[in-house]
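Asks: my questions are about this predicted structure, shown below with the sequence.
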Amino acid sequence: MKNKTFAKPLPAIDARFEAQKIAFGPVVFQCVRIAMKWGLLESIDRSPSGQSIEELAAFHQRSEYAVSVLLESCLSAGVVGRKEDRYYLEKIGDFMLRDPMTRVNFNFTQEICYQGMFELESALAEGRPAGLKCLGEWETIYRGLSSLPEVAKSAWFEFDHHYSDSAFTLVLPIVFSSQPTTLMDIGANTGKWAQRCLDFNPMVRMTLVDLPEQMSIARGNLASQSDRVDFYEADMLNPDTPFPAGQDVIWMSQLLSCFSKQSILEIFRRVKTSLNSNGCVYVLDTFWDSQRHDIAAYCIINTSPYFAALANGVSTMYQSQEYIQLANQAGLQLVDIRDDIGLSHSLLKFVHA
Ligand SMILES: C[S@@+](CC[C@H](N)C(=O)[O-])C[C@H]1O[C@@H](n2cnc3c(N)ncnc32)[C@H](O)[C@@H]1O
(Lines give C-alpha, C1' and ligand atoms only; values in the text may rest on other atoms or scores of the structure.)
Protein backbone atom coordinates (compact mmCIF):
# COMPACT_ATOMS: atom_id res chain seq x y z
CA MET A 1 0.00 0.00 0.00
CA LYS A 2 2.06 2.91 -1.30
CA ASN A 3 -0.64 5.59 -1.00
CA LYS A 4 -2.59 5.99 2.20
CA THR A 5 -3.94 8.75 4.41
CA PHE A 6 -6.06 8.63 7.53
CA ALA A 7 -6.81 12.35 7.23
CA LYS A 8 -10.30 13.44 6.14
CA PRO A 9 -10.73 16.64 4.12
CA LEU A 10 -11.41 19.21 6.86
CA PRO A 11 -11.75 22.98 7.13
CA ALA A 12 -8.68 24.48 8.86
CA ILE A 13 -10.57 25.15 12.12
CA ASP A 14 -11.56 21.47 12.40
CA ALA A 15 -8.05 20.27 11.53
CA ARG A 16 -6.73 22.58 14.25
CA PHE A 17 -9.17 21.02 16.72
CA GLU A 18 -7.98 17.53 15.72
CA ALA A 19 -4.40 18.68 16.38
CA GLN A 20 -5.41 19.71 19.92
CA LYS A 21 -6.81 16.21 20.51
CA ILE A 22 -3.30 14.88 19.91
CA ALA A 23 -1.71 17.63 22.02
CA PHE A 24 -3.95 16.82 25.00
CA GLY A 25 -4.36 13.08 24.24
CA PRO A 26 -2.58 11.69 27.33
CA VAL A 27 -4.44 14.15 29.61
CA VAL A 28 -7.87 13.18 28.28
CA PHE A 29 -6.88 9.48 28.42
CA GLN A 30 -6.21 9.73 32.16
CA CYS A 31 -9.41 11.68 32.88
CA VAL A 32 -11.60 9.18 31.03
CA ARG A 33 -9.78 6.29 32.68
CA ILE A 34 -10.34 7.64 36.20
CA ALA A 35 -13.98 8.52 35.44
CA MET A 36 -14.49 4.87 34.48
CA LYS A 37 -12.46 3.50 37.39
CA TRP A 38 -14.45 5.56 39.91
CA GLY A 39 -17.72 4.38 38.37
CA LEU A 40 -18.83 7.88 37.28
CA LEU A 41 -19.62 6.85 33.70
CA GLU A 42 -21.53 3.78 34.89
CA SER A 43 -23.65 5.89 37.24
CA ILE A 44 -24.41 8.32 34.44
CA ASP A 45 -25.28 5.43 32.13
CA ARG A 46 -27.69 3.92 34.68
CA SER A 47 -29.60 7.15 35.20
CA PRO A 48 -32.20 7.96 32.47
CA SER A 49 -32.40 11.63 33.52
CA GLY A 50 -28.61 12.06 33.79
CA GLN A 51 -26.56 12.99 36.84
CA SER A 52 -25.37 16.30 38.25
CA ILE A 53 -21.85 16.86 39.62
CA GLU A 54 -23.32 17.19 43.15
CA GLU A 55 -25.21 13.88 42.91
CA LEU A 56 -22.18 12.02 41.55
CA ALA A 57 -19.86 13.50 44.18
CA ALA A 58 -22.23 12.56 47.01
CA PHE A 59 -22.90 9.03 45.72
CA HIS A 60 -19.24 8.18 44.99
CA GLN A 61 -17.88 10.04 48.02
CA ARG A 62 -15.55 12.20 45.95
CA SER A 63 -15.15 15.96 45.99
CA GLU A 64 -17.24 18.02 43.57
CA TYR A 65 -13.93 19.51 42.43
CA ALA A 66 -12.53 16.07 41.41
CA VAL A 67 -15.74 14.97 39.70
CA SER A 68 -16.02 18.19 37.71
CA VAL A 69 -12.38 18.04 36.56
CA LEU A 70 -12.94 14.52 35.22
CA LEU A 71 -16.36 15.04 33.69
CA GLU A 72 -15.50 18.27 31.93
CA SER A 73 -12.60 16.46 30.25
CA CYS A 74 -14.98 13.61 29.31
CA LEU A 75 -17.36 16.28 27.97
CA SER A 76 -14.60 17.77 25.80
CA ALA A 77 -13.88 14.32 24.36
CA GLY A 78 -17.53 13.63 23.51
CA VAL A 79 -17.69 10.78 26.02
CA VAL A 80 -20.53 12.50 27.90
CA GLY A 81 -22.86 15.39 27.08
CA ARG A 82 -24.45 17.96 29.42
CA LYS A 83 -28.04 19.20 29.45
CA GLU A 84 -29.24 21.63 32.14
CA ASP A 85 -26.18 20.79 34.27
CA ARG A 86 -26.93 17.07 34.11
CA TYR A 87 -24.47 14.71 32.43
CA TYR A 88 -25.57 11.89 30.11
CA LEU A 89 -23.63 9.26 28.21
CA GLU A 90 -22.80 9.87 24.56
CA LYS A 91 -22.22 7.10 21.99
CA ILE A 92 -18.41 7.27 22.50
CA GLY A 93 -19.00 6.73 26.23
CA ASP A 94 -21.12 3.72 25.39
CA PHE A 95 -18.15 2.19 23.54
CA MET A 96 -15.85 3.07 26.44
CA LEU A 97 -18.10 1.10 28.78
CA ARG A 98 -19.22 -1.80 26.63
CA ASP A 99 -16.91 -2.43 23.67
CA PRO A 100 -14.48 -5.29 24.46
CA MET A 101 -11.87 -4.07 21.94
CA THR A 102 -11.86 -0.56 23.42
CA ARG A 103 -11.55 -2.04 26.92
CA VAL A 104 -8.56 -4.29 26.11
CA ASN A 105 -6.80 -1.53 24.16
CA PHE A 106 -7.42 0.94 26.98
CA ASN A 107 -6.14 -1.41 29.70
CA PHE A 108 -3.12 -2.41 27.62
CA THR A 109 -2.22 1.24 27.07
CA GLN A 110 -2.56 2.08 30.77
CA GLU A 111 -1.03 -0.99 32.40
CA ILE A 112 1.70 -1.91 29.89
CA CYS A 113 2.52 1.11 27.73
CA TYR A 114 1.74 4.37 29.49
CA GLN A 115 4.74 4.91 31.75
CA GLY A 116 7.30 3.21 29.52
CA MET A 117 6.22 5.24 26.49
CA PHE A 118 8.00 8.20 28.06
CA GLU A 119 11.22 6.38 27.05
CA LEU A 120 10.18 5.84 23.41
CA GLU A 121 12.68 8.37 22.10
CA SER A 122 15.62 6.64 23.84
CA ALA A 123 14.30 3.25 22.75
CA LEU A 124 14.20 4.29 19.09
CA ALA A 125 17.58 6.02 19.27
CA GLU A 126 19.28 3.08 20.97
CA GLY A 127 17.34 0.05 19.63
CA ARG A 128 16.50 -1.32 23.07
CA PRO A 129 13.24 -1.44 25.08
CA ALA A 130 14.22 1.53 27.26
CA GLY A 131 10.73 1.81 28.82
CA LEU A 132 10.61 -1.80 30.03
CA LYS A 133 12.31 -0.81 33.30
CA CYS A 134 8.92 0.64 34.38
CA LEU A 135 7.62 -2.95 34.53
CA GLY A 136 10.75 -4.89 35.52
CA GLU A 137 14.40 -5.61 34.80
CA TRP A 138 14.30 -8.04 31.86
CA GLU A 139 15.99 -8.09 28.46
CA THR A 140 12.61 -8.35 26.70
CA ILE A 141 9.04 -8.25 28.01
CA TYR A 142 8.59 -11.95 27.10
CA ARG A 143 11.11 -12.92 29.78
CA GLY A 144 8.99 -11.11 32.36
CA LEU A 145 5.43 -11.94 31.25
CA SER A 146 4.79 -14.56 33.92
CA SER A 147 6.13 -12.33 36.71
CA LEU A 148 4.43 -9.05 35.74
CA PRO A 149 2.27 -7.45 38.44
CA GLU A 150 -1.18 -9.14 38.29
CA VAL A 151 -3.04 -6.16 36.76
CA ALA A 152 -0.39 -5.66 34.06
CA LYS A 153 -0.24 -9.39 33.37
CA SER A 154 -3.96 -9.69 32.74
CA ALA A 155 -3.91 -6.53 30.59
CA TRP A 156 -1.15 -8.08 28.42
CA PHE A 157 -2.79 -11.50 28.08
CA GLU A 158 -6.26 -10.05 27.42
CA PHE A 159 -4.80 -7.82 24.70
CA ASP A 160 -2.92 -10.70 23.09
CA HIS A 161 -5.78 -13.20 23.31
CA HIS A 162 -8.51 -10.76 22.28
CA TYR A 163 -6.99 -10.50 18.83
CA SER A 164 -5.75 -14.05 18.24
CA ASP A 165 -8.85 -15.77 19.73
CA SER A 166 -11.04 -13.94 17.22
CA ALA A 167 -9.30 -15.80 14.39
CA PHE A 168 -8.67 -19.28 15.83
CA THR A 169 -12.15 -20.79 15.21
CA LEU A 170 -12.15 -19.60 11.60
CA VAL A 171 -8.74 -20.99 10.67
CA LEU A 172 -8.84 -24.41 12.37
CA PRO A 173 -10.58 -26.14 9.39
CA ILE A 174 -8.06 -24.58 6.99
CA VAL A 175 -5.03 -25.67 9.01
CA PHE A 176 -6.36 -29.23 9.37
CA SER A 177 -7.50 -29.57 5.74
CA SER A 178 -4.26 -31.43 4.85
CA GLN A 179 -4.79 -33.83 7.79
CA PRO A 180 -1.49 -33.21 9.53
CA THR A 181 -0.40 -35.70 12.17
CA THR A 182 2.35 -33.46 13.56
CA LEU A 183 1.87 -29.75 14.21
CA MET A 184 4.44 -27.45 15.79
CA ASP A 185 3.21 -24.21 17.39
CA ILE A 186 6.12 -21.75 17.65
CA GLY A 187 5.45 -19.04 20.22
CA ALA A 188 2.81 -21.27 21.83
CA ASN A 189 2.44 -18.97 24.84
CA THR A 190 -0.05 -20.44 27.37
CA GLY A 191 -1.14 -23.24 25.01
CA LYS A 192 -4.50 -21.77 23.95
CA TRP A 193 -4.13 -22.61 20.26
CA ALA A 194 -2.67 -26.02 21.10
CA GLN A 195 -5.74 -26.80 23.19
CA ARG A 196 -8.00 -25.84 20.28
CA CYS A 197 -6.02 -28.13 17.93
CA LEU A 198 -6.07 -31.08 20.31
CA ASP A 199 -9.86 -30.71 20.68
CA PHE A 200 -10.40 -30.21 16.95
CA ASN A 201 -8.42 -33.26 15.82
CA PRO A 202 -8.03 -36.22 18.19
CA MET A 203 -5.13 -37.69 16.15
CA VAL A 204 -2.76 -34.72 15.95
CA ARG A 205 0.44 -34.62 17.98
CA MET A 206 1.65 -31.17 18.99
CA THR A 207 5.06 -29.67 19.69
CA LEU A 208 4.99 -26.38 21.55
CA VAL A 209 7.96 -24.01 21.36
CA ASP A 210 8.42 -20.97 23.59
CA LEU A 211 10.57 -19.53 26.36
CA PRO A 212 10.81 -21.62 29.56
CA GLU A 213 8.68 -19.05 31.43
CA GLN A 214 5.72 -19.53 29.05
CA MET A 215 6.26 -23.28 28.63
CA SER A 216 5.75 -23.89 32.33
CA ILE A 217 2.30 -22.21 32.13
CA ALA A 218 1.41 -24.19 28.97
CA ARG A 219 2.56 -27.42 30.65
CA GLY A 220 0.12 -26.77 33.50
CA ASN A 221 -2.75 -25.86 31.16
CA LEU A 222 -2.28 -28.97 28.98
CA ALA A 223 -1.39 -31.43 31.74
CA SER A 224 -4.36 -33.70 30.95
CA GLN A 225 -3.15 -34.20 27.34
CA SER A 226 0.56 -34.52 28.04
CA ASP A 227 0.73 -37.81 26.06
CA ARG A 228 -0.04 -35.86 22.85
CA VAL A 229 2.15 -32.82 23.50
CA ASP A 230 5.90 -32.18 23.50
CA PHE A 231 7.16 -29.02 25.16
CA TYR A 232 10.31 -27.52 23.71
CA GLU A 233 11.90 -24.67 25.61
CA ALA A 234 13.94 -22.40 23.36
CA ASP A 235 15.12 -18.84 23.04
CA MET A 236 14.44 -18.16 19.38
CA LEU A 237 16.86 -15.23 19.44
CA ASN A 238 19.65 -17.80 19.43
CA PRO A 239 19.92 -18.76 15.73
CA ASP A 240 21.89 -21.91 16.63
CA THR A 241 18.94 -23.46 18.49
CA PRO A 242 17.24 -25.82 16.00
CA PHE A 243 13.51 -26.57 16.06
CA PRO A 244 12.29 -30.19 16.34
CA ALA A 245 12.13 -31.84 12.89
CA GLY A 246 9.39 -33.93 11.21
CA GLN A 247 6.56 -31.38 11.18
CA ASP A 248 3.58 -31.61 8.80
CA VAL A 249 2.39 -28.15 9.80
CA ILE A 250 4.27 -25.31 11.48
CA TRP A 251 2.11 -22.62 13.04
CA MET A 252 3.21 -19.10 14.01
CA SER A 253 0.50 -16.80 15.33
CA GLN A 254 1.21 -13.20 16.32
CA LEU A 255 4.81 -14.29 16.70
CA LEU A 256 7.05 -12.77 14.05
CA SER A 257 6.12 -9.22 15.03
CA CYS A 258 8.15 -9.90 18.22
CA PHE A 259 11.41 -10.09 16.23
CA SER A 260 13.72 -7.99 14.06
CA LYS A 261 13.86 -8.77 10.34
CA GLN A 262 17.20 -10.58 10.76
CA SER A 263 15.72 -12.81 13.49
CA ILE A 264 12.60 -13.50 11.38
CA LEU A 265 14.83 -14.65 8.53
CA GLU A 266 16.70 -16.98 10.89
CA ILE A 267 13.39 -18.33 12.26
CA PHE A 268 12.10 -19.02 8.73
CA ARG A 269 15.38 -20.84 7.90
CA ARG A 270 15.01 -23.13 10.92
CA VAL A 271 11.31 -23.61 10.18
CA LYS A 272 12.22 -24.82 6.68
CA THR A 273 14.66 -27.34 8.13
CA SER A 274 12.00 -28.74 10.51
CA LEU A 275 9.26 -28.95 7.88
CA ASN A 276 8.43 -32.27 6.16
CA SER A 277 8.87 -32.22 2.37
CA ASN A 278 5.12 -31.91 1.71
CA GLY A 279 4.39 -29.88 4.85
CA CYS A 280 3.23 -26.29 5.13
CA VAL A 281 3.82 -23.26 7.30
CA TYR A 282 0.96 -21.02 8.45
CA VAL A 283 1.58 -17.48 9.65
CA LEU A 284 -1.38 -15.77 11.31
CA ASP A 285 -0.81 -12.08 11.89
CA THR A 286 -2.22 -8.57 11.65
CA PHE A 287 -0.96 -6.32 8.85
CA TRP A 288 -2.06 -2.71 8.85
CA ASP A 289 -1.82 -2.48 5.08
CA SER A 290 -4.26 -5.37 4.65
CA GLN A 291 -7.13 -3.80 6.60
CA ARG A 292 -10.43 -2.75 5.08
CA HIS A 293 -11.27 -0.47 8.00
CA ASP A 294 -9.12 2.39 9.29
CA ILE A 295 -10.05 1.49 12.89
CA ALA A 296 -8.14 -1.82 12.55
CA ALA A 297 -5.17 -0.22 10.78
CA TYR A 298 -5.04 2.48 13.47
CA CYS A 299 -4.92 -0.09 16.30
CA ILE A 300 -2.23 -2.15 14.55
CA ILE A 301 0.00 0.81 13.68
CA ASN A 302 -0.16 2.12 17.23
CA THR A 303 0.96 -1.22 18.64
CA SER A 304 4.39 -0.78 17.04
CA PRO A 305 5.58 1.81 19.61
CA TYR A 306 4.88 -0.82 22.30
CA PHE A 307 7.34 -3.18 20.57
CA ALA A 308 9.91 -0.39 20.42
CA ALA A 309 9.62 1.05 23.94
CA LEU A 310 8.51 -1.97 25.97
CA ALA A 311 8.74 -5.33 24.23
CA ASN A 312 12.17 -5.63 22.63
CA GLY A 313 13.30 -2.37 20.99
CA VAL A 314 13.74 -3.88 17.53
CA SER A 315 10.43 -5.13 16.15
CA THR A 316 7.23 -3.66 14.76
CA MET A 317 3.88 -4.57 13.21
CA TYR A 318 5.14 -5.48 9.75
CA GLN A 319 3.44 -5.35 6.36
CA SER A 320 2.65 -8.70 4.73
CA GLN A 321 5.19 -8.24 1.91
CA GLU A 322 8.00 -8.01 4.46
CA TYR A 323 7.21 -11.53 5.78
CA ILE A 324 6.79 -12.89 2.26
CA GLN A 325 10.20 -11.57 1.16
CA LEU A 326 11.95 -12.95 4.26
CA ALA A 327 10.28 -16.35 3.80
CA ASN A 328 11.41 -16.37 0.14
CA GLN A 329 14.98 -15.63 1.22
CA ALA A 330 14.76 -18.64 3.56
CA GLY A 331 13.58 -20.93 0.73
CA LEU A 332 9.84 -20.88 1.45
CA GLN A 333 7.22 -19.91 -1.08
CA LEU A 334 3.84 -18.27 -0.49
CA VAL A 335 0.97 -20.37 -1.87
CA ASP A 336 -2.08 -18.75 -0.25
CA ILE A 337 -3.05 -15.58 1.56
CA ARG A 338 -6.45 -14.87 3.16
CA ASP A 339 -7.31 -11.50 4.68
CA ASP A 340 -10.29 -10.35 6.79
CA ILE A 341 -10.11 -13.21 9.30
CA GLY A 342 -11.57 -12.41 12.73
CA LEU A 343 -11.00 -8.86 13.90
CA SER A 344 -8.05 -8.03 11.67
CA HIS A 345 -5.99 -11.12 10.80
CA SER A 346 -4.45 -12.52 7.65
CA LEU A 347 -3.40 -16.15 7.17
CA LEU A 348 -0.33 -16.79 5.01
CA LYS A 349 0.52 -20.29 3.82
CA PHE A 350 4.05 -21.23 2.75
CA VAL A 351 5.57 -24.45 1.39
CA HIS A 352 9.10 -25.45 0.39
CA ALA A 353 10.17 -23.42 -2.66
C1 LIG B 1 2.50 -12.05 21.02
S2 LIG B 1 2.73 -13.62 21.75
C3 LIG B 1 1.73 -14.64 20.68
C4 LIG B 1 1.20 -15.83 21.40
C5 LIG B 1 0.28 -16.76 20.62
N6 LIG B 1 0.99 -17.42 19.52
C7 LIG B 1 -0.97 -16.08 20.14
O8 LIG B 1 -1.24 -16.05 18.95
O9 LIG B 1 -1.71 -15.53 20.99
C10 LIG B 1 4.38 -14.00 21.28
C11 LIG B 1 4.94 -15.27 21.89
O12 LIG B 1 6.30 -15.39 21.44
C13 LIG B 1 7.12 -15.80 22.52
N14 LIG B 1 8.49 -15.30 22.35
C15 LIG B 1 8.87 -14.02 22.25
N16 LIG B 1 10.21 -13.94 22.17
C17 LIG B 1 10.67 -15.22 22.23
C18 LIG B 1 11.97 -15.80 22.18
N19 LIG B 1 13.06 -15.04 22.10
N20 LIG B 1 12.07 -17.13 22.24
C21 LIG B 1 10.97 -17.93 22.33
N22 LIG B 1 9.71 -17.44 22.37
C23 LIG B 1 9.57 -16.09 22.33
C24 LIG B 1 6.48 -15.14 23.73
O25 LIG B 1 6.87 -15.79 24.91
C26 LIG B 1 4.99 -15.27 23.42
O27 LIG B 1 4.45 -16.45 23.93
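Replies: Perfect, thanks for sending it. On a predicted model such as this, the values are computed, not experimentally measured, just so you know. Numbers count the residues shown, from 1 in each chain.
Asks: contacts and neighbour counts: CA atoms only from here.
Replies: Fine.
Asks: would you mind listing what in the stretch 101-250 of the chain touches the ligand?
Replies: 142, 160-161, 164, 187-189, 210-211, 214, 234-237 (C-alpha under 6 Å from any ligand atom).
Asks: contacting residues around stretch 10-29?
Replies: With C-alpha atoms under 8 Å, 6 or more residues apart in numbering as the test, stretch 10-29 has contacts from S73, C74, A77.
Asks: can we see that at 10 Å?
Replies: Outside stretch 10-29, the residues that touch it by C-alpha atoms under 10 Å, 6 or more residues apart in numbering are 7-9, 33-34, 70, 72-77, 106, 109-110, 114.
Asks: ok so, going back, restricted to strands, list the residues of the stretch 101-250 of the chain next to the ligand.
Replies: Using DSSP state E, the members of those that fall in strands are D210.
Asks: of the residues of the stretch 101-250 of the chain next to the ligand, which belong to helices?
Replies: Residues of these located in helices (DSSP state H): Y142, D160, H161, S164, Q214.
Asks: which ones are touching the third one?
Replies: What that stands for is H161. Contacts of H161 by C-alpha under 10 Å, 6+ apart are V104, A167, K192, Q254.
Asks: parallel or antiparallel, list what pairs with the one helix or strand I250 maps to.
Replies: In this structure, I250 is located in strand 247-253 according to DSSP states H and E. The strands beside strand 247-253 in its sheet (DSSP bridges) come out as strand 182-186 (parallel), strand 275-286 (parallel).
Asks: residues in contact with the helix or strand following the last one?
Replies: Of the helices and strands lying after strand 275-286 in sequence (DSSP H and E), the nearest is helix 294-301. Counting contacts by C-alpha under 10 Å, 6+ apart, the residues outside helix 294-301 that touch it are 5-6, 101-102, 105, 286-291, 316-318, 343-345.
Asks: list the buried ones in helix 294-301?
Replies: Buried residues in helix 294-301, counted by 16 or more other C-alpha atoms under 10 Å: A296, A297, I300, I301.
Asks: can you check stretch 342-353 too?
Replies: Those would be G342, L343, S344, H345, S346, L347, L348, K349, F350, V351, H352, for stretch 342-353 by 16+ other C-alpha under 10 Å.
Asks: quickly list what the fifth one is bridged to.
Replies: Right, S346. D285.
Asks: break this protein into its domains for me.
Replies: Here the domain parsing of the chain from automatic domain parsing is 12-98, 113-352.
Asks: any idea which of those domains gets closest to M1?
Replies: In terms of C-alpha to C-alpha, the element of these nearest to M1 is domain 113-352, at 5.9 Å.
Asks: just the strands in the stretch 1-150 of the chain please.
Replies: 80-83, 86-89 (DSSP state E, counting those that start in this stretch).
Asks: most tightly packed of those strands?
Replies: Among the strands of the stretch 1-150 of the chain, strand 86-89 has the highest mean neighbour count (mean count of other C-alpha atoms under 10 Å), at a mean of 22.
Asks: re earlier: what's the farthest-apart pair in the contacts of H161?
Replies: Among the contacts of H161, V104 and K192 lie farthest apart (C-alpha to C-alpha), at 18.1 Å.
Asks: give me the low-pLDDT residue ranges for this structure?
Replies: Residues of the chain meeting the criterion pLDDT under 70: none.
Asks: for V104 and K192, indicate the residue with more neighbours.
Replies: V104 (21 against 16; other C-alpha atoms under 10 Å).
Asks: ok, that one to L145 distance?
Replies: With the distance defined as C-alpha to C-alpha, to the nearest Å, V104 ends up 17 Å from L145.
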